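Colleague: what shape does this take:
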Amino acid sequence: MSRTGIVIDKLFVDHDNGMGHPETSERILAIAEMLRHTGMRDEVTILEPRDATKEEITLVHTPEHYDKMASTRGRPRVFLDADTTTSPASFDAAVRAVGGMLSSIDAILEGKLDRAFPFVRPPGHHAESGKAMGFCLFNNVAVGGAYLTQLKGIERVLIVDWDVHHGNGTQHMFYDRSDVLYFSAHQYPFYPGTGALNETGSGDGGGFNVNVPLSEGMGDAEYIKIFSEILGPVIEQYKPGFILVSAGFDTFFEDPLGGMRVTPEGFARQARFMLDAADKHSDGKIAFILEGGYNLDGLWICTKEVLEELLDKKRTDYDIGSQPTAADDVIEKVKKEHSRFWEF
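Modeller: The predicted structure follows:
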């Protein structure tokens, strides 16, 4: 069994978006209940998360944005946009969420863990350098990527985003850089409106931003074929030293905010694909971090499936052969768009 760490914290429950909001503290409580029910709470290492510092968060965010988020601390509800709000505990939760990412990275780099999955709130991948949006205050995974490249000496970091929504913030933060490669498969057109096929990076980042925009209704076979035929060859050539996964579970077939059809086994396949890639190319160094996922039963079972893969309790086969899928057309378009950067 691999040494797998998790982060889970009361602050992630205390962050409150208000009555009727889909991004609710019940999400963390569902995962906590799953850990108890399955016994996996006793099989993982529970990391003590630290609070990320202002200096770490401003590796990708502006100081002004940090200060604006800090100004909400202890205040009643503050509306940052139509669907992004804070409560008195939200700033502390957001700083702890970033810290959960960094604590996980440190434990892996120090050889204390093989891999990790911080279960954090608020999520992060929509947060821009100077703006909170899409339920996200700070961009947890982007801070992790910058932390690895700028402070920890990792030359190449891969961020894979399988959330149903495109991670606009993560894309923009690394758009002109080659030391962090961002890969996203997402429903399109859809919130937040970014993630088109031709958004491939600029300057030194040309080719290091790979978007796979998908129409709704895609399921297990489509996602794993995208991973096998696009992501796999890119990883082979990029050779990342560390892999981060923005693990959103809103592609689940019954998620209220998405239109995809991924099953729990489909998430297990995606997780195993990423774990095998990490074993082959980054000496096993990989950390997942929670993004979306708004069906509580789905979040329970899908995080269970992924965590079982991380713990090596099972090894799901993801080879689907060459069967045709509904994603074949977009796969060929992505290959054509990126053929000047990568060989497929």
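Colleague: going forward, measure contacts and count neighbours with C-alpha atoms only.
Modeller: OK.
Colleague: let's see the pLDDT reported for Gly266.
Modeller: You'll see Gly266 listed with a pLDDT of 98.
Colleague: quick one: the helix or strand in which it is found to chain centroid distance?
Modeller: Per DSSP states H and E, Gly266 falls inside helix 264-281. Here helix 264-281 is found 14 Å from its chain centre; the criterion is C-alpha atoms, centre = their mean, to the nearest Å.
Colleague: take it, keep the C-alpha atoms, and write them as CSV.
Modeller: Presented in CSV, the C-alpha positions along helix 264-281 are these (Å, rounded to 0.1, in the frame of the first residue of the first chain):
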residue,chain,number,x,y,z
PRO,A,264,-17.2,6.3,-10.3
GLU,A,265,-15.2,3.7,-12.3
GLY,A,266,-14.3,6.4,-14.8
PHE,A,267,-12.7,8.5,-12.1
ALA,A,268,-10.8,5.5,-10.9
ARG,A,269,-9.5,5.0,-14.5
GLN,A,270,-8.4,8.6,-14.8
ALA,A,271,-6.7,8.5,-11.4
ARG,A,272,-4.9,5.3,-12.3
PHE,A,273,-3.8,6.8,-15.6
MET,A,274,-2.3,9.8,-13.7
LEU,A,275,-0.6,7.6,-11.1
ASP,A,276,1.0,5.4,-13.8
ALA,A,277,2.2,8.5,-15.6
ALA,A,278,3.7,9.9,-12.4
ASP,A,279,5.5,6.6,-11.6
LYS,A,280,7.0,6.6,-15.1
HIS,A,281,7.9,10.3,-15.5
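Colleague: who touches it?
Modeller: Residues from elsewhere that reach helix 264-281 (C-alpha atoms under 8 Å, 6 or more residues apart in numbering): 219-221, 223-224, 227, 232, 235-236, 239-243, 252, 284-286, 298, 301-302, 305-306, 309-310, 315-318.
Colleague: so which of those belong to strands?
Modeller: Among the contacts of helix 264-281, the residues falling in strands (DSSP state E) are 242-243, 286.
Colleague: residues touching stretch 47-57, excluding its own?
Modeller: Stretch 47-57 has contacts (C-alpha under 8 Å, 6+ apart) with 5-9, 63, 66, 95-100, 102-104, 138, 143, 147.
Colleague: please redo it, this time with the cut-off set to 6 Å
Modeller: Defining contact as C-alpha atoms under 6 Å, 6 or more residues apart in numbering, one finds that stretch 47-57 is touched by 6-7, 95-96, 98-100, 103.
Colleague: pull the longest strand from the protein.
Modeller: What stands out as the longest strand in the chain, according to DSSP E, is strand 180-187.
Colleague: elements contacting that one?
Modeller: On a contact count with 3 or more C-alpha pairs under 6 Å, 6 or more residues apart in numbering; DSSP states H and E, strand 180-187 meets strand 157-161, strand 209-214.
Colleague: and those as JSON lines, adding mean neighbour count and mean pLDDT?
Modeller: Listed next are the helices and strands packed on strand 180-187 as JSON lines, based on neighbours: other C-alpha atoms under 10 Å; pLDDT from 0 to 100:
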{"stretch": "strand 157-161", "mean neighbour count": "25", "mean pLDDT": "99"}
{"stretch": "strand 209-214", "mean neighbour count": "26", "mean pLDDT": "98"}
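Colleague: reformat these as TSV; add distance to Glu23.
Modeller: Output for the helices and strands packed on strand 180-187, formatted as TSV (distance: least, C-alpha to C-alpha, whole Å):
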stretch	distance to Glu23
strand 157-161	18
strand 209-214	23
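Colleague: quick one: the strands in this protein, in order.
Modeller: When secondary structure is read from DSSP E, the chain shows strands at 4-7, 45-46, 78-81, 84-86, 115-118, 157-161, 180-187, 209-214, 242-247, 286-290.
Colleague: got these as a markdown table, with distance to Gly258 columns?
Modeller: As requested, the strands of the chain are exported to a markdown table (distance: least, C-alpha to C-alpha, whole Å):
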| stretch | distance to Gly258 |
| --- | --- |
| strand 4-7 | 26 |
| strand 45-46 | 31 |
| strand 78-81 | 20 |
| strand 84-86 | 18 |
| strand 115-118 | 23 |
| strand 157-161 | 15 |
| strand 180-187 | 8 |
| strand 209-214 | 12 |
| strand 242-247 | 14 |
| strand 286-290 | 16 |
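Colleague: which stretch among the ones you listed comes nearest Asp14?
Modeller: strand 84-86 (10.7 Å; C-alpha to C-alpha).
Colleague: which residues touch that closest one?
Modeller: By C-alpha under 6 Å, 6+ apart, the surrounding residues in contact with strand 84-86 are 17, 77-79, 133-135.
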